[in-house]
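# quick one, structure for this:
(chains A and B)
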Protein chains: 2
Amino acid sequence: MHSLIGTYRFNIDAYTTDFRGKATLPLMSSFILQVATKHAEERGFGYSVMTAQNKAWVLSRMVIEMFEYPKNDDQLNVKTWVADANKLFTERCVSFETLDGKQIGFARTVWAAIDIETRRPTNVLELEGLSDYKVEQELPIIGARKIPAIKDQEPVGKFTIRYSDIDINGHLNSMKYIEHFIDMFDMEMFKIKDIRRFEINYTNEAYFGTRLHLYKKEETDSTYILEMKNEDVVISSSRVIWE
Amino acid sequence: MHSLIGTYRFNIDAYTTDFRGKATLPLMSSFILQVATKHAEERGFGYSVMTAQNKAWVLSRMVIEMFEYPKNDDQLNVKTWVADANKLFTERCVSFETLDGKQIGFARTVWAAIDIETRRPTNVLELEGLSDYKVEQELPIIGARKIPAIKDQEPVGKFTIRYSDIDINGHLNSMKYIEHFIDMFDMEMFKIKDIRRFEINYTNEAYFGTRLHLYKKEETDSTYILEMKNEDVVISSSRVIWE
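From the prediction side, this is the model:
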């Protein structure tokens, strides 16, 4: 049996950082997807086993809190473990640590195991081995909260889903949602603040050629609600807290 | 002294592939940028040495030919070496190989060493050590060719440069040009063909908030010329050969 917690090392390359030389939120989310993929694959409930059972992991919700963003040339250890599992969902946690063990950020992610054909959830507990890897460990960030719908507002942006937006499951790539969301903020915001906490709900799938509209509302000072809609259908919503 | 040729291993993770389960061209180009960064850094003419001299490497032209795209879960070795260096430019070559040594693709890249303040080219030959790493090796793909200007045509698309498009040098990220270019093609094209050869000229820098227009012209059957313009100024042009 593999260790309960998987630890993976990453390097922040210059060409992946933003204009401030800091790792971007989509990059941090790509680390989360990478470690989730590897951890599950190594332990027998990853992509290849799922595919053989006609199933796929689908990310349903994610919360990322960064107390400090790694910079160009930094190395970091990304730890991940299964925190919980019930019939409908499994929760996977992630901790971002510097090489000397300082915890600089955390993530909580919630996944469903869908049937590839019907796109309906299957019973997560049927996945052999997954429950054996459950780790009880407190995480110093709160989980996903309700994100209120934005009503009676005009869209502030739009985009059409292209080739590069689409993942292996044929729908909008989980990282691309985040990219489109954070691109709703001006450079000036990034010059004076950092995204301290990012919450996202992956509500509905979206496909090639779909035109999505973007909505933005200031909830409280430095906290924004963002929404991505295909006509009246919410595809994804997000809460972004700046500090 | 390090080996002349640097070899780096990569894994094609499911979440980085396109809807066909194949590595994308922006992903292949990110491998090129990664190995270029690492190879140069390890040999003393990389990002940190350049920054200390107030210089930066700027990608000027790139040609990628893929005979076969790696697929989800494949591993590949990416080899890179300095092929040439003169006052104005250095040419760096890349070879993509399967773990059993099959060469599945190649790239030729041309870089200038600019002064960070003036944005003007500096003498590449002044970079200590670089010429010592020159490798004479034939590459089975031809280098960059002239890409004709597109005239008297209406744009077929447009986009505004956002936070995620911007790199550490403050301008449009080299991979993002490629992403915006290949997103000009329909999914149907990717269903029946592959991009066999991709040529790109990075002509002018582009910054946050700039609105760019995209142009597309069929040069010959399955060969397209693409252009990205800020008003009348060409920012980048590309030739895409499908097969």
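# every contact and neighbour count from this point should use C-alpha atoms.
OK.
# okay, now the residue nearest to A:S131 when sequence neighbours are not counted: neighbour count?
Using CA to CA, 6 or more residues apart in numbering or on different chains and skipping residues adjacent in sequence, the residue nearest A:S131 is A:A85, 6.6 Å away. For A:A85, the neighbour count with other CA atoms under 10 Å in any protein chain shown is 20.
# can you name the residues bridging to A:A85?
A:T90 (DSSP bridges).
# my read is that A:V110 contacts A:V94, right?
No - in this structure, A:V110 is not within contact of A:V94 by CA atoms under 8 Å, at 11.4 Å.
# which element is A:P140 on?
Assigned by DSSP states H and E, A:P140 falls within no helix or strand.
# number of nearby residues for A:K146?
By other CA under 10 Å, neighbour count at A:K146 equals 10.
# and it, what is it in contact with?
Applying CA atoms under 8 Å, 6 or more residues apart in numbering or on different chains, we find A:K146 in contact with no residue.
# got it, and A:E91?
For A:E91, counting by CA under 8 Å, 6+ apart, the contacting residues are A:82-85, A:108-111.
# if we go to 6 Å?
A:83-84, A:109-110 (CA atoms under 6 Å, 6 or more residues apart in numbering or on different chains).
# can you check A:K22 too?
A:K71.
# rewinding a little: between the contacts of A:E91, which sits nearest chain B?
A:T109 (15.5 Å; CA to the nearest CA).
# pretty sure the closest one contacts A:R92?
Yes - with contacts counted by CA atoms under 6 Å, A:T109 reaches A:R92, the gap being 5.2 Å.
# who has more neighbours out of the two?
A:T109 (25 against 21).
# distance of that one relative to A:V63?
Applying CA to CA, to the nearest Å, the value for A:T109 to A:V63 is 6 Å.
# again with A:L4
22 Å.
# who has more neighbours out of those two?
A:V63 (24 against 15).
# in three-state terms, label that one for me.
strand (DSSP: H, G, I helix; E, B strand; the rest coil).
# wait, what's in contact with A:V156?
A:214-215.
# do the one 5 residues further on as well
Counting by CA under 6 Å, 6+ apart, A:I161 makes contact with A:208-210.
# which residues do A:T109 and A:V63 both contact?
In contact with both A:T109 and A:V63: no residue, using CA under 6 Å, 6+ apart.
# what comes up buried for stretch A:128-135?
A:130-131, A:133-135 (16 or more other CA atoms under 10 Å in any protein chain shown).
# just checking, A:G143 is part of a helix?
No - applying three-state DSSP, one finds A:G143 to be coil, outside a helix.
# mind checking how far it is from chain B?
24 Å (CA to the nearest CA, to the nearest Å).
# mind checking pLDDT for that residue?
With respect to pLDDT, A:G143 scores 92.
# residues near it, how many?
Neighbours around A:G143, by other CA under 10 Å: 16.
# so which of the contacts of A:I161 is the closest to chain B?
Looking across the contacts of A:I161 and measuring by CA to the nearest CA, the closest to chain B is A:F208, at 7.5 Å.
# please, which helix or strand holds the closest one?
Counting by DSSP H and E, A:F208 is part of no helix or strand.
# one step back: pick the one among the buried residues of stretch A:128-135 closest to A:S222.
A:V135 (34.0 Å; CA to CA).
# was I right about that closest one contacting A:D84?
No - assessed by CA under 6 Å, A:V135 is found out of contact with A:D84, at 7.7 Å.
# of the contacts of A:E91, which belong to strands?
A:83-84, A:109-110 (DSSP state E).
# just among these, which is most surrounded?
Top of the ones in strands among the contacts of A:E91 by neighbour count (other CA under 10 Å): A:T109, with 25 neighbours.
# which ones are touching that residue?
A:61-62, A:91-92.
# kindly report the residues of chain A close to chain B.
By CA under 6 Å from any CA of the partner chain, the part of chain A that sits against chain B consists of A:17-19, A:21, A:162-163, A:167-168, A:170, A:183.
# so what touches the helix ranked longest in chain A?
What stands out as the longest helix in chain A, according to DSSP state H, is helix A:25-42. Applying CA under 6 Å, 6+ apart, the external contacts of helix A:25-42 come out as A:6, A:46, A:175.
# counting neighbours, what do you get for the second one?
The one in question is A:G46. 19.
# can you check the first one too?
Neighbours of A:G6 under the rule other CA under 10 Å: 20.
# just A:H2 next, same as before
The number of residues near A:H2, taken as other CA under 10 Å, comes to 10.
# any idea how far B:F10 is from the closest residue to it other than its chain neighbours?
Using CA to CA, 6+ apart and skipping the chain neighbours, the partner closest in space to A:H2 is A:R43 (6.5 Å). Plainly put, A:R43 is 21 Å away from B:F10 if you go by CA to CA.
# more neighbours: those two, which one.
Higher neighbour count among A:R43 and B:F10: A:R43, with 17 against 12, using other CA under 10 Å.
# name the residues of stretch A:183-203 that are buried.
A:183-184, A:195-202.
# could you do stretch A:138-155 as well?
In stretch A:138-155, counting by 16+ other CA under 10 Å, buried: A:143-144.
# can you give me the end-to-end span of that stretch?
Start-to-end span of stretch A:138-155 (CA to CA) is 39 Å.
# now swap in stretch A:43-57 and tell me
Taking CA to CA, stretch A:43-57 runs 15 Å from one end to the other.
# helices of chain A, residue ranges please.
So, for chain A - with DSSP H - the helices run A:25-42, A:47-52, A:174-182, A:187-192.
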